[in-house]
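> just the structure for this:
(one chain, ligands or ions: 2)
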Amino acid sequence: MPALRIAVANQKGGTGKTTLALNLAAGLQRRGSTLVLDADPQGSISQWAALAGDGTRLPPVWAVPQGEAGRCIDRGAREHRYLIVDCPPTLQTTGVREILAGVDVVLIPIQPSPLDLWASAEIVTAVRDSRAANQQLKAFVVLNQLDSRNALSRSMHEALAELEIPTLAAGVARRAAYRSAAVEGSSVYHLGQRGAAAAREVEAVIEEVLKS
Ligand SMILES: Nc1ncnc2c1ncn2[C@@H]1O[C@H](COP(=O)(O)OP(=O)(O)OP(=O)(O)O)[C@@H](O)[C@H]1O
Ligand SMILES: [Mg+2]
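Ligands and ions are numbered 1, 2, ... in the order given. Modelled structure (predicted):
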């Protein structure tokens, strides 16, 4: 079976790319061999992996050298069932476009405010451009740091509905567990009861993506 290659991207900083990428990777690793590609020169996800104790079974992380994203994706896809690519918060360099050209799915984390949604317009354009060459590319918005899905403002609902990229029904709440997992070099799956609610919502994201 060919590998499923998933990028987590948004040129806006701090929307939850790395948080989502590392927890998705931990959940996918329970299903099959998973590789994380750290395409962000900040190296956040590599730092997280370096914190992991021996007992934490985390997927391997490769740091992607500048200009090597396509090649790393191809190589990783030959060796693993799932690939997660954590993207840098920029579209200024060729990196993210090269990644969008080489993956099956791009997930775009957005915080649930219209301002944050509007700030993500450039990644939406980049996805559209990528489809000229990568016609199969699927794209979904993932709402992150939700207080409550029901509390989404009407303007947010309207803004999401107008976006040409669909929003996953599964969203991610704002929870201390995500921060704890990052600090501890683990994932919400490794936090036991403390991470149970978070792990359930990450599972829902994974299931929705796998069915798409
Ligand atoms: N669902 C969440 N609940 C609580 N805290 C969160 C959640 N998602 C992200 N955070 C926190 O928000 C901050 C930014 O998240 P993260 O580093 O994942 O964003 P990013 O998009 O990767 O940032 P950058 O653009 O700098 O790469 C971090 O401190 C992270 O712990
Ligand atoms: Mg990041």
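
> the strands in this structure, which residues?
Here the chain has its strands, by DSSP state E, at 4-8, 34-38, 61-63, 82-86, 105-110, 138-143.

> any chance of those strands in a markdown table, plus distance to ligand 2 and mean pLDDT?
No exception for glycine: its C-beta is placed from N, CA and C like everyone else's. A markdown table is the format used below for the strands of the chain (distance: least, Cβ to the ion, whole Å; pLDDT from 0 to 100):
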| stretch | distance to ligand 2 | mean pLDDT |
| --- | --- | --- |
| strand 4-8 | 8 | 98 |
| strand 34-38 | 9 | 97 |
| strand 61-63 | 13 | 94 |
| strand 82-86 | 6 | 98 |
| strand 105-110 | 10 | 97 |
| strand 138-143 | 14 | 97 |
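
> tabulate the ones you listed (CSV), appending mean neighbour count.
Shown next, in CSV, are the strands of the chain (neighbours: other Cβ atoms under 10 Å):
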stretch, mean neighbour count
strand 4-8, 24
strand 34-38, 26
strand 61-63, 19
strand 82-86, 29
strand 105-110, 25
strand 138-143, 21
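
> pull the distance from the helix or strand bottoming out on mean pLDDT in the chain to the chain's centre.
Ranked by mean pLDDT, DSSP states H and E, the helix or strand of the chain with the weakest confidence is helix 154-162, at a mean of 84. Mean-position distance between helix 154-162 and its chain equals 22 Å (Cα atoms, centre = their mean, to the nearest Å).

> just stretch 199-207 next, same as before
The chain centroid and the centroid of stretch 199-207 are separated by 12 Å under Cα atoms, centre = their mean.

> tell me if that stretch is near ligand 1.
No: Stretch 199-207 stays clear of ligand 1 (Cβ under 6 Å from any ligand atom), getting no nearer than 8.8 Å.

> what is the rounded mean pLDDT of that stretch?
Here stretch 199-207 scores 98 as its mean pLDDT.

> what pairs with Thr34 across the strands?
Per DSSP bridges, the residues bridged to Thr34 are Tyr82.

> roughly how far does the residue lying farthest from the centre of the chain sit from Ala161?
Going by Cα atoms, centre = their mean, the residue of the chain most distant from its centre is Arg154, 25.7 Å out. Distance of Arg154 to Ala161, given as Cβ to Cβ, to the nearest Å: 11 Å.

> returning to that earlier point: contacting residues around the least confident helix or strand of the chain?
112-114, 117-118, 141, 167 (Cβ atoms under 8 Å, 6 or more residues apart in numbering).

> just the buried residues of those residues.
Buried members of these, counted by 16 or more other Cβ atoms under 10 Å: 112, 117, 141, 167.

> redo those as a markdown table? Include distance to Ser212.
What follows is the buried ones among the contacts of helix 154-162, written out as a markdown table (distance: Cβ to Cβ, whole Å):
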| residue | distance to Ser212 |
| --- | --- |
| Pro112 | 21 |
| Leu117 | 21 |
| Val141 | 13 |
| Thr167 | 12 |
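
> in helices, which of the residues you listed appear?
Counting by DSSP state H, the buried ones among the contacts of helix 154-162 place Leu117 in helices.

> which one of the buried ones among the contacts of helix 154-162 is nearest ligand 2?
Val141 (17.0 Å; Cβ to the ion).
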